[in-house]
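J.: Build me a model from this:
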Amino acid sequence: MKVSVYIATSLDGFIARKEGELDWLPGSDGEPVFDSEGDDFGYSAFMASVDALVMGRNTFETVLSFGEWPYEKRVIVLSRSLQQLPDNLPNTVELRCCDPQEITDELRESGVSGLYIDGGNTIQQFLNAGLIDELIISQVPVLIGSGIPLFGPLSKDVKLSHVETTSFKNGFVQSTYQVIK
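T.: Numbers count the residues shown, from 1 in each chain. Next comes the predicted model:
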């Protein structure tokens, strides 16, 4: 199973403002984002490569604020504080309270071959557990000064191999890295 991250950051490395606001991020209103040539920055191709998505509670609550549920794939929300999911979600969304290794093992055993990890804390937990295989990071040409960083403290260095970098006409720069294990 390939475990991947696909995420955008500000140029100074933040995934959201301190209170989770995404007003600086194109598409934060839930509408798809395309560059001037109609490219969605590889998002559709990436989503076609994954079978399931694991996200944390904060990311889940942000996605809920977009209105209509955007995912047709299986989504596992990891949370220690949520007790139940809203009734209006599809039955492909489930709530779990477990560690990254446990959910990864379960998904691998169930036949998932591509797993998308989303949300700052969740990404950090999966990195610390050594479970991330690939990072696709799009830098948005904006400095927001402070906020929630993509990366936090790690239990050890995570060595990466650069795969490719693509720059887009709107100023986005997307880099793909493989985690060296």
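J.: Would you check how far apart the residue nearest in space to the middle of the chain and residue 43 are?
T.: The centroid of the chain falls nearest to residue 118 when counting by Cα atoms, centre = their mean (2.5 Å). Separation of residue 118 from residue 43 (Cβ to Cβ, to the nearest Å): 12 Å. All C-beta spots, glycine's among them, are computed from the backbone N, C-alpha and C.
J.: between the two, what contacts are shared?
T.: Common neighbours of residue 118 and residue 43, counting by Cβ atoms under 8 Å, 6 or more residues apart in numbering, are residue 6.
J.: Quick check: phi and psi on residue 71?
T.: phi -110, psi 140 (degrees, to the nearest 10).
J.: ditto for residue 43
T.: Residue torsions, per degrees, to the nearest 10, at residue 43 are phi -60, psi -50.
J.: swap in residue 151?
T.: phi -110, psi 140.
J.: Let me know how buried it is, in neighbour terms.
T.: 15 (other Cβ atoms under 10 Å).
J.: Please spell out which residues along stretch 123-131 are buried.
T.: Neighbour-count burial for stretch 123-131 flags 123, 124, 125, 126, 127, 128, 131 (criterion: 16 or more other Cβ atoms under 10 Å).
J.: Now for those residues: which two are most distant?
T.: 124 and 131 (11.3 Å; Cβ to Cβ).
J.: which sections of the protein are below the confidence cut-off?
T.: 27-38 (pLDDT under 70).
J.: roughly how far apart are residue 132 and residue 142?
T.: In terms of Cβ to Cβ, residue 132 sits 25 Å off from residue 142.
J.: Just the closest of the buried residues of stretch 123-131 to residue 155, please.
T.: Lowest distance from residue 155 to the buried residues of stretch 123-131 (Cβ to Cβ) belongs to residue 128, with 5.1 Å.
J.: can you give me the helices in this protein?
T.: 43-48, 57-64, 100-109, 120-128 (DSSP state H).
J.: closest to residue 23 out of those helices?
T.: It's helix 57-64; of the helices of the chain, that one is closest to residue 23 (Cβ to Cβ) at 11.8 Å.
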